[in-house]
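Engineer: Here is my input; please provide its structure:
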Amino acid sequence: VQKKLNGDRVVGGVADSSARAVFANRHFDTYKMAIKNADVVAAKFSAGTLADGEVFEGIFYPFEMLTVGGVSMMNDPVEVRIAAARDFTAALGLPWIYDVDQAYIDALFGNLPKFEGIVLKRKGSPYIPLGSDGQSSPEWLKWKW
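Structural biologist: Next up is the predicted model:
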């Protein structure tokens, strides 16, 4: 279970040896909004390192790693991808914001505007990219307040 950050879903990282951070939206188009920590992502992610995450108030917060150093993690269990994202988030100098506790659940709407719900992820599940906004994952269940 992870908190659902109320931002823009973005894949970001360093795709190649250019050492330049790249960010794409859910349609695989270049994310056009400014990302305040793009330079830190470029400095901390090696070539071929990409994360799935959210941009909230201009900051990219990874919640799962997709590739690290050119090695795919997409077939690794979700808990491994999350643990790797937690490590990369620390390397970016950011707090890990996705853990859910009882106080978070009790607050529900009180978590707005920063958080808008929870995402349930099936233990051991691979990462499955979706083809459209209308599709839902058999491995993830998103619940908004």
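Engineer: What is the longest helix of this protein by residue count?
Structural biologist: helix 78-91 (DSSP state H).
Engineer: And the lowest-mean-pLDDT helix or strand in the chain, what does it pack against?
Structural biologist: Taking mean pLDDT, DSSP states H and E as the measure, the helix or strand of the chain with the lowest value is strand 140-144, at a mean of 91. If contacts are counted by 3 or more CB pairs under 8 Å, 6 or more residues apart in numbering; DSSP states H and E, strand 140-144 sits against strand 2-5, strand 115-121. Every C-beta, even on glycine, is put in place using the N, C-alpha and C of the backbone.
Engineer: now those strands as JSON lines including mean neighbour count and distance to G134?
Structural biologist: Listed next are the helices and strands packed on strand 140-144 as JSON lines, based on neighbours: other CB atoms under 10 Å; distance: least, CB to CB, whole Å:
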{"stretch": "strand 2-5", "mean neighbour count": "20", "distance to G134": "18"}
{"stretch": "strand 115-121", "mean neighbour count": "18", "distance to G134": "17"}
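Engineer: Serialize these to CSV and add fields for distance to D106 and mean pLDDT.
Structural biologist: Below are the helices and strands packed on strand 140-144 laid out as CSV (distance: least, CB to CB, whole Å; pLDDT from 0 to 100):
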stretch, distance to D106, mean pLDDT
strand 2-5, 13, 97
strand 115-121, 13, 97
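Engineer: Export those strands as TSV, with columns for distance to L66.
Structural biologist: Compiled in TSV, these are given as follows (distance: least, CB to CB, whole Å):
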stretch	distance to L66
strand 2-5	16
strand 115-121	14
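Engineer: Of these, which is nearest V80?
Structural biologist: strand 115-121 (11.8 Å; CB to CB).
Engineer: what's the pLDDT at D133?
Structural biologist: According to the per-residue confidence, D133 scores 67 in pLDDT.
Engineer: What pairs with the least confident helix or strand of the chain, parallel or antiparallel?
Structural biologist: strand 115-121 (antiparallel) (DSSP bridges).
Engineer: ok now the partner strand, how far from the chain's centre?
Structural biologist: Counting by CA atoms, centre = their mean, to the nearest Å, strand 115-121 is centred 12 Å from the centre of its parent chain.
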